[in-house]
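Engineer: Here's a sequence, model it:
(one chain, ligands or ions: 2)
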Amino acid sequence: MECTRCGACCVAPDIAALDKPLGLRCPHLTADNLCSVYDRRPQVCRDYQADAVCRLIEAPTLEERVRKYLDLFGLSDEAESVRQSGCSSMRKARPG
Ligand code: SF4
Ligand code: SF4
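Structural biologist: Residues are numbered from 1 along each chain as shown. Ligands and ions are numbered 1, 2, ... in the order given. Alright, predicted model coming up:
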């Protein structure tokens, strides 16, 4: 599976190294879904590889891909509560 640069993996998952909560855009993701800190992105981003999940979440819009990703991993409810709390910090959204 080749990466289509769809952007979903920079929006859907929570990323501890960036204190990025579930379902919210990484602050480093540009409007055209590229990484603005590519040369100094965290190791977890460097290690991320396109895999079968990328195909499973294919959809016409980024919003739909993110929704499919969250559904796939059973994380939709948690992402919704993060959205409702308006919390942009993973550590604050998930205390302890
Ligand atoms: S979700 Fe998959 S295809 Fe989309 S940008 Fe990430 S690795 Fe690439
Ligand atoms: S740092 Fe770059 S590669 Fe990592 S999640 Fe953010 S935009 Fe994506």
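Engineer: in this protein, which ranges drop under the pLDDT threshold?
Structural biologist: Across the chain, the ranges flagged by pLDDT under 70 are 94-96.
Engineer: Swap in 90 and give it another go.
Structural biologist: Scanning the chain for pLDDT under 90 picks out the ranges 1, 83, 85-96.
Engineer: all helices of it, in order?
Structural biologist: Listed in chain order, the helices found in the chain under DSSP state H are 43-47, 52-56, 62-72, 76-85, 90-93.
Engineer: Residues of the protein that sit close to ligand 1?
Structural biologist: 3, 4, 5, 6, 7, 8, 9, 50, 54 (C-beta under 6 Å from any ligand atom). All C-beta atoms are positioned from the backbone trio N, CA, C, and that covers glycine.
Engineer: Was I right to think the fifth one contacts residue 33?
Structural biologist: Yes - the pair residue 7 and residue 33 qualifies as a contact (C-beta atoms under 8 Å) at a distance of 3.4 Å.
Engineer: Report the set of residues contacting both of these two.
Structural biologist: residue 62 (C-beta atoms under 8 Å, 6 or more residues apart in numbering).
Engineer: For stretch 3-23, which residues meet the burial criterion?
Structural biologist: 6-15, 18, 20-23 (16 or more other C-beta atoms under 10 Å).
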